[in-house]
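Participant: requesting a structural model of the entry that follows:
(chains A and B)
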There are 2 protein chains.
Amino acid sequence: MGFSVEGVEGIGEITAGADLAAIIAGAASLEHGDILVVTSKIVSKAEGRIVEASDREAAITAETVRVVATREYDGGVTRIVENRQGIVGAAAGVDASNSPDGTVLLLPVDPDGSARALATGLRELTGRRVGVILSDTLGRPWREGQTDIAIGAAGVHVFDDLRGQVDASGKALAVTMPCVADEIAGAGELVKGKSAGVPVAVVRGLDRYVGDLDLPGARSIQRPSDRDLFRLGADEAYDEGYRAGFDEAQAEGGER
Amino acid sequence: MGFSVEGVEGIGEITAGADLAAIIAGAASLEHGDILVVTSKIVSKAEGRIVEASDREAAITAETVRVVATREYDGGVTRIVENRQGIVGAAAGVDASNSPDGTVLLLPVDPDGSARALATGLRELTGRRVGVILSDTLGRPWREGQTDIAIGAAGVHVFDDLRGQVDASGKALAVTMPCVADEIAGAGELVKGKSAGVPVAVVRGLDRYVGDLDLPGARSIQRPSDRDLFRLGADEAYDEGYRAGFDEAQAEGGER
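Facilitator: Coordinates of the predicted model:
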């Protein structure tokens, strides 16, 4: 039981309107059960999701549904937000690298839809039953550095749902549900890299996770904020509490 | 540029005092540059880090340095804490599965030290320059499911520090520092699984990340809590703020 991860060479620069399925099918030799990890940047480029860099802050605001936390640093503010795609991360996924000077890239409008279109095209063109994961690079609480995660998925089980199964010693795995889509996206990053110009990786040997095109996408990985213990940054939640406590004490004082 | 991930068969059940380096060296055929992803559970077992299950809550408390957030559910409370190893996660890494009935497993006392001892032993026994990552399974904010991450590392670069390098379009990658140790740990999980009894994976082809035994370990991945925007759960921070605001308003009222 093993798998391999290989970068796909020769994809070249992607521009608006590019037929990604045709380009990838031409560059990679695919087999049944392969999972393609595709850097979301090239999907954004193919979909023309590019704006002038002078509008970066405005672009972040426009992509933001909800501010989770902010941090000031010399010369600016980092905003951790929930974006239109439901993903919590820095700068709403707006990327200043990987695009021509003076421009920034936005995430695809509907990453699961983009993944589904790509998987559909690749299956038609190659005759192979493949899955597609769109990846993006995110920081995370409590741990330095970034990892690649799945922001879109099609034809792939995003979870390995083990709830109800037993471990090697026979005990129930009550809450165990590995997010294999995120782990596969991270494995893809290890060959794609950030500077190598290799935007697609082929993961071979995990065909047990490949399935129908109408499987739940990466959206199903996102936890609704009302169920999340970290729906707000600590400072933001403290400030909200402070105002509420202050107002409550004043109201009580006024009643005396 | 690619890599492979293979599970190591035949490791068998690990008990206290087991010589893991000898057992793994006997079961795997290693090459220069291999990275071994070792489920921390078998390290805990070899180190005798096992306690009676009746003490599970007490064990969690004993392993806890700082409570980050709690959530009540039917029949109990989930505690997200920073544990002795500096890792923020549920239940301080205390694991009720994967151990004999009536017992729970604690994390290794010093995961980086355990990884270093294992890497040292493997290098001596095999003559191969290998790296070791100890993995554990953790949930995360904002995303459902769990992924495996690195809680210990030796002989491996835990980050691919790209700060100062340029992307394919020539722009500086200012803050990009992929946590390759976490991505490799996640890749290992995809072959080890939770119920398959395969506690070790060999990652071959990423020898560029293998290095000296005195490289910084997984501890260097942990962000100090005073620099973390999510050092407390939203409810906990709100409550702290509420009490502070309430007290402040009362104090101001008393001065009138």
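
Participant: so the closest residue to residue A:233 other than its chain neighbours bridges to which residues?
Facilitator: Spatial nearest neighbour of residue A:233, chain neighbours left out: residue A:69 (2.6 Å); criterion: CB to CB, 6 or more residues apart in numbering or on different chains. For every residue, glycine as well, the C-beta is placed using N, CA and C. When bridges are called by DSSP bridges, residue A:69 pairs up with residue A:80.

Participant: average pLDDT across stretch A:89-96?
Facilitator: Mean per-residue pLDDT for stretch A:89-96: 88.

Participant: that one and chain B in contact?
Facilitator: Yes: judged by CB under 8 Å from any CB of the partner chain, stretch A:89-96 and chain B are in contact via residue A:96.

Participant: doesn't residue A:236 make contact with the residue nearest to residue A:233?
Facilitator: Yes: using CB atoms under 8 Å, residue A:69 makes contact with residue A:236 at a distance of 5.7 Å.

Participant: apart from its chain neighbours, what residue comes closest to residue A:137?
Facilitator: Distances taken as CB to CB, 6+ apart put residue A:146 closest to residue A:137, at 4.9 Å, once the chain neighbours are dropped.

Participant: show me where the stretch 151-256 of chain A has its strands.
Facilitator: For the stretch 151-256 of chain A, the strands defined by DSSP state E, counting those that start in this stretch occupy A:200-204.

Participant: that should have said the stretch 1-150 of chain A, apologies.
Facilitator: Assigned by DSSP E, counting those that start in this stretch, the strands in the stretch 1-150 of chain A fall at A:2-7, A:35-39, A:50-52, A:64-73, A:76-83, A:88-90, A:103-105, A:131-140, A:143-154.

Participant: quick one: mean pLDDT over the last one.
Facilitator: It refers to strand A:143-154. 97.

Participant: swap in the first one?
Facilitator: Averaging pLDDT along strand A:2-7 yields 96.

Participant: that strand and chain B, are they touching?
Facilitator: Yes: interface with chain B: strand A:2-7 contributes A:2-7 (CB under 8 Å from any CB).

Participant: okay, now the unreliable bits of the stretch 101-250 of chain A?
Facilitator: For the stretch 101-250 of chain A, the stretches flagged by pLDDT under 70 are A:163-164, A:166-175, A:194-196.

Participant: that one: helices as residue ranges?
Facilitator: A:111-126, A:180-192, A:234-255 (DSSP state H, counting those that start in this stretch).

Participant: does the shortest one reach chain B?
Facilitator: Yes: judged by CB under 8 Å from any CB, helix A:180-192 comes into contact with chain B at A:180, A:182-184, A:186-187, A:189-191.

Participant: filter those down to the buried ones.
Facilitator: Neighbour counting with 16 or more other CB atoms under 10 Å in any protein chain shown marks A:180, A:182-184, A:186-187, A:189-191 as buried within the residues of helix A:180-192 next to chain B.

Participant: and the gap between the residue lying closest to residue A:54 once chain neighbours are set aside and chain B?
Facilitator: The spatial neighbour of residue A:54 that comes closest, neighbours along the chain excluded (CB to CB, 6+ apart), is residue A:102 at 7.7 Å. As judged by CB to the nearest CB, to the nearest Å, residue A:102 and chain B stand 11 Å apart.

Participant: repeat that for residue A:234.
Facilitator: Distance from residue A:234 to chain B, by CB to the nearest CB: 4 Å.

Participant: that residue: neighbour count?
Facilitator: Residue A:234 has 25 neighbouring residues, counting by other CB atoms under 10 Å in any protein chain shown.

Participant: show me the residue sitting in the middle of chain A in space.
Facilitator: With distances taken as CA atoms, centre = their mean, residue A:151 lies nearest the centre of chain A, 2.6 Å away.

Participant: from chain B, how far off is it?
Facilitator: For residue A:151 relative to chain B (CB to the nearest CB), the value is 11 Å.

Participant: before we move on, what about residue A:204?
Facilitator: Taking CB to the nearest CB, one finds residue A:204 at 9 Å from chain B.

Participant: brilliant, that's me finished.
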